[in-house]
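Student: build me a structure from this.
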Amino acid sequence: MTNYCPNIYPGLLRHHSPHCYKSNLFSDPLKTLRRLKLNPYVKLYLRKENGERIVKKKTHVRRATVNPVYNESFVFELPETKMDNAVIDLQELKTS
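Tutor: Next comes the predicted model:
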C-alpha cells in the first residue's frame, strides 16, 4: 500500500498495517520512505482521536541516505474498544 499525504508527511510512505483483533494488537511495519532529510529516523505516535498521545516509538537512524529502507515493525497494544478511534502519526526527524 502506498500513501502520499503532503499535509501530514512530506515523503512517500510504503507500509502495511494489519489489525489483529484477537490479541488486541495493531502492527505497523514501516517499510520505505522517500525524499527525506539526510540521516533520518522516524517517530511513530499512537494517538487518540482528540490528539492525546498514547504511545511513542521510533526507528533506528539510517545514515548517509535520503531514501532509507526501514524494515522495522512496531506493535501497539490497545483494548479492542479503542482500536477504531486510534491514529498513528509519523514524524520525520534527522540527526545533526
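Student: what about Glu72, neighbour count?
Tutor: Neighbour count for Glu72, taken as other CB atoms under 10 Å: 15. (Glycine included, C-beta is placed from N, CA and C.)
Student: oh, I was asking about Arg62
Tutor: Neighbours of Arg62 (other CB under 10 Å): 19.
Student: now do the contacts for it.
Tutor: By CB atoms under 8 Å, 6 or more residues apart in numbering, the contact list for Arg62 reads 39-41, 68-70.
Student: how about a cut-off of 6 Å?
Tutor: Contact analysis of Arg62 by CB atoms under 6 Å, 6 or more residues apart in numbering lists Pro68.
Student: cool, and Ala64?
Tutor: Contact criterion CB under 6 Å, 6+ apart gives no residues in contact with Ala64.
Student: what about it, which SS state?
Tutor: Using DSSP: H, G, I helix; E, B strand; the rest coil, the three-state assignment for Ala64 comes out as coil.
Student: and the strands in the chain?
Tutor: When secondary structure is read from DSSP state E, the chain shows strands at 2-4, 12-15, 19-20, 25-27, 30-34, 40-47, 53-58, 69-72, 75-77, 87-94.
Student: so for the last one, what gets flagged as buried?
Tutor: Neighbour counts using 16 or more other CB atoms under 10 Å place 88, 90, 92 of strand 87-94 among the buried residues.
Student: export these as JSON lines, with columns for pLDDT and distance to Ile54.
Tutor: Listed next are those as JSON lines, based on pLDDT from 0 to 100; distance: CB to CB, whole Å:
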{"residue": "Ile88", "pLDDT": "80", "distance to Ile54": "10"}
{"residue": "Leu90", "pLDDT": "79", "distance to Ile54": "15"}
{"residue": "Glu92", "pLDDT": "75", "distance to Ile54": "20"}
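Student: for those, which one is nearest Leu78?
Tutor: Ranked by distance to Leu78 (CB to CB), the buried residues of strand 87-94 are led by Ile88 at 11.1 Å.
Student: much appreciated, bye for now.
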